[in-house]
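> generate coordinates for the sequence data below:
(chains A and B)
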Number of protein chains: 2
Amino acid sequence: MDVTAVRWASATAADGVVERGFELAGVPGVAWLPERAAAPVPLVLLGHGGSGHKRAPRQLRLGRWFAGTAGIAAAAIDGPYHGDRGGGRPGVAAYQGRIAAAGIERVVDRMVGDWQATRAALTALDAVDADRVGYLGLSMGTRFGLPFVAAAGDLLRCAVLGKFGLRHPDELPAGMDMAPRLAGDAGRVRVPVLFHVQWDDELFGRAGQFELFDRLGSPDKQLIAFPGGHATAGEAAIAAWCDFLVRHLTAERSAAEVRS
Amino acid sequence: MDVTAVRWASATAADGVVERGFELAGVPGVAWLPERAAAPVPLVLLGHGGSGHKRAPRQLRLGRWFAGTAGIAAAAIDGPYHGDRGGGRPGVAAYQGRIAAAGIERVVDRMVGDWQATRAALTALDAVDADRVGYLGLSMGTRFGLPFVAAAGDLLRCAVLGKFGLRHPDELPAGMDMAPRLAGDAGRVRVPVLFHVQWDDELFGRAGQFELFDRLGSPDKQLIAFPGGHATAGEAAIAAWCDFLVRHLTAERSAAEVRS
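Predicted coordinates:
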């Protein structure tokens, strides 16, 4: 990967966070960096959900929080047929139809490549510590993120995944079925994983999500579940994601880490 | 409850923690208090598991960590037929037989009373803030703790429960069956709950634990699961309990709490 291929947009800075768009071989992204840092900082890669995009409110909030409060860089890219990749904010049927038409395996492989290129480009920055990179992506962010996490091996430190399972919902086109691929990829994941389940998920049922959690090869994995349907993401859940990433990416121990 | 009935043993201090045994109407306990605090501190009540006791290694570690690192007081009491209540470190069959013989409902009611008295006595101390009290107890600590949490209402702020379910294990005497009582008590719990499940629990199966989680009346509840059998409690799990309690009991927000 030729990291000189990154084209950076001009930066804006507010509240201690430098925010900067980029384009990387046709993949549009945005990065959030601490305005001041004494040493290279960790990095969190943020995969958005279906119908979202790199600057969706959740991504903006997380990116700015990581850079501004946690002292951790963050980056998001548009998913296939989303955002500036010809999709805008597509309806579910629209992007799923395009993915199914292109072939889910091919779309997954391209997105894995996009994430690999993004990781390489961001960790090439002097400000970023290539040894401390994590991934956060639920739902569609797990659909495309779990294969990336599996492929990345020890280039990543940890991942927050979930809201996805090994049983294909009836509502999705058959061409979107990821179960066989994900079952294999899950077994190759070895880094610590926080797996998020919405207890009343109407799209991906509990049983299939539990099967995916069971398949994860990580010796250190945990499942966390909250009441509510697929789209719910409460404050406690977001705090759990952030706690988990901060704990694994910073040398500073969590306030609540108990020493024997 | 006449709190003057508390008989305090002499205190020892180490690493910023004052540790002091007490006896309260026949109930032996131990309290851990920050050696120095500018204002009244929150309190965590620690219920031990089966065959444990108030000074079991887990209790000591948690009590000392809360008081020494988190600036939160903690207290533990011996459970029925455990520790200094005529049990020592009883085998499972031994204490279960005594509980079943005494009648599980009666034993539960007595233990609820013991916890209520302990809460009253500890919060009567000038050093403790009666408005910020939490409970932590898994397995047998949930068997007796959940009815206490239900009865305490808003005298408690939050609770960590789990490793227990609504399906009575075949291995336990029929006289130990708590399911009908717990199902009702769970519905009365309204405070935030972190419910811990061991994914491969060989004693309390997942289905019965999920049923108990479903019954909890708390609008703010979360389930957290870790691989391993009933007795497992890894560092990530212990950190999750502590994070949850610190978050709910201290005004200071968690490092990872995201602001919109």
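> give me the nearest residue to A:Ile104, chain neighbours excluded.
Among residues not flanking A:Ile104 along the chain, A:Met176 sits closest, at 5.6 Å (CB to CB, 6 or more residues apart in numbering or on different chains). Every residue, glycine included, has its C-beta placed from N, CA and C.
> report the beta-bridge partners for the residue nearest to A:Arg64 when sequence neighbours are not counted.
Leaving out its chain neighbours, the residue that sits closest to A:Arg64 by CB to CB, 6+ apart is A:Val17, at 5.2 Å. Assessed by DSSP bridges, A:Val17 has beta-bridge partners A:Ala14, A:Pro34.
> OK, contacts around A:Val17?
Residues in contact with A:Val17 (CB atoms under 8 Å, 6 or more residues apart in numbering or on different chains) are A:Trp32, A:Leu33, A:Pro34, A:Glu35, A:Gly63, A:Arg64, A:Ala67, A:Gly68.
> the same query, at a cut-off of 7 Å, please.
Contacts for A:Val17 (CB atoms under 7 Å, 6 or more residues apart in numbering or on different chains) come out as A:Trp32, A:Pro34, A:Glu35, A:Arg64, A:Ala67, A:Gly68.
> next, count neighbours for the residue nearest to the fifth one when sequence neighbours are not counted.
Spatial nearest neighbour of A:Ala67, chain neighbours left out: A:Trp32 (3.9 Å); criterion: CB to CB, 6+ apart. Applying the criterion other CB atoms under 10 Å in any protein chain shown, we find 25 residues in the vicinity of A:Trp32.
> wait, isn't A:Leu33 in contact with A:Val18?
Yes - in this structure, A:Leu33 is within contact of A:Val18 by CB atoms under 7 Å, at 4.6 Å.
> which of those two has more neighbours?
Taking neighbours as other CB under 10 Å, A:Leu33 and A:Val18 compare with A:Leu33 leading, 27 against 18.
> what's the neighbour count on the residue nearest to A:Ile104?
For A:Met176, using other CB under 10 Å, the count is 17.
> ok, A:Ala5 next?
A:Ala5: 12 neighbours (other CB under 10 Å).
> quick check: the residue nearest to A:Ile104 vs A:Gln96, distance?
6 Å (CB to CB, to the nearest Å).
> can you tell me which helix in chain A is longest?
The residue-count maximum for a helix in chain A (DSSP state H) belongs to helix A:104-123.
> give me the residue from the stretch 101-250 of chain A nearest chain B.
A:Cys242 (3.7 Å; CB to the nearest CB).
> tell me which element that residue falls in.
If you go by DSSP states H and E, A:Cys242 is part of helix A:235-249.
> helix or strand for whichever residue of the stretch 1-150 of chain A sits closest to chain B, which one?
Residue of the stretch 1-150 of chain A nearest chain B, by CB to the nearest CB: A:Trp65 (4.6 Å). Using DSSP H and E, A:Trp65 falls within helix A:57-65.
> residues contacting the helix or strand following that helix, please?
On the C-terminal side of helix A:57-65, the closest following helix or strand by DSSP H and E is strand A:73-77. Residues outside strand A:73-77 that contact it (CB under 7 Å, 6+ apart): A:27-34, A:41-46, A:48, A:54, A:59, A:62-63, A:66-67, A:114, A:118, A:122, A:127-128.
> what comes up buried for strand A:73-77?
Residues A:Ala73, A:Ala74, A:Ala75, A:Ala76, A:Ile77 are the ones in strand A:73-77 that count as buried (16 or more other CB atoms under 10 Å in any protein chain shown).
> what do you get for stretch A:81-95?
In stretch A:81-95, counting by 16+ other CB under 10 Å, buried: A:Tyr81, A:His82, A:Gly83, A:Asp84, A:Arg85, A:Gly87, A:Pro90, A:Tyr95.
> stretch A:181-201 too?
Buried residues in stretch A:181-201 (16+ other CB under 10 Å): A:181-182, A:185-186, A:188-199, A:201.
> again, but for stretch A:214-229
A:Arg215, A:Leu216, A:Ser218, A:Asp220, A:Lys221, A:Gln222, A:Leu223, A:Ile224, A:Ala225, A:Phe226, A:Pro227.
> now do the same contact list for the first one.
This points to A:Arg215. Contacts of A:Arg215 by CB under 7 Å, 6+ apart are A:Ala183, A:Ala186, A:Gly187.
> can you tell me the closest non-neighbouring residue to it?
In space, A:Arg215 is closest to A:Ala186, 3.9 Å off (CB to CB, 6+ apart).
> A:Thr118 - how many residues pack around it?
With other CB under 10 Å as criterion, A:Thr118 counts 24.
> grab the nearest non-local neighbour of it.
A:Ile77 (5.5 Å).
> beta partners of the one you found?
Beta-bridge partners, per DSSP bridges, of A:Ile77: A:Gly29.
> and the gap between it and A:Arg206?
Taken as CB to CB, the span from A:Ile77 to A:Arg206 is 30 Å.
> now swap in A:Ala183 and tell me
17 Å.
> A:Trp8: what's it in contact with?
A:Arg20, A:Phe22.
> quick one: buried residues of the helix or strand encompassing it?
A:Trp8 is part of strand A:6-14 when elements are defined by DSSP H and E. Buried residues in strand A:6-14, counting neighbours by 16+ other CB under 10 Å, are found at A:Val6.
> pLDDT on stretch A:155-171, on average?
If you average the pLDDT over stretch A:155-171, you get 93.
> go through it and flag the buried ones.
A:155-168.
> any idea how far apart the tips of it sit?
35 Å (CA to CA, to the nearest Å).
> check the offset of that stretch from the chain's centre.
The chain centre lies 10 Å from the centre of stretch A:155-171; the measure is CA atoms, centre = their mean, to the nearest Å.
> what does stretch A:177-187 give?
The answer for stretch A:177-187 is 17 Å, by CA atoms, centre = their mean.
> same check, this time on stretch A:13-21
20 Å.
> so where does the residue nearest to A:Arg215 fall, helix or strand?
Counting by DSSP H and E, A:Ala186 is part of helix A:179-188.
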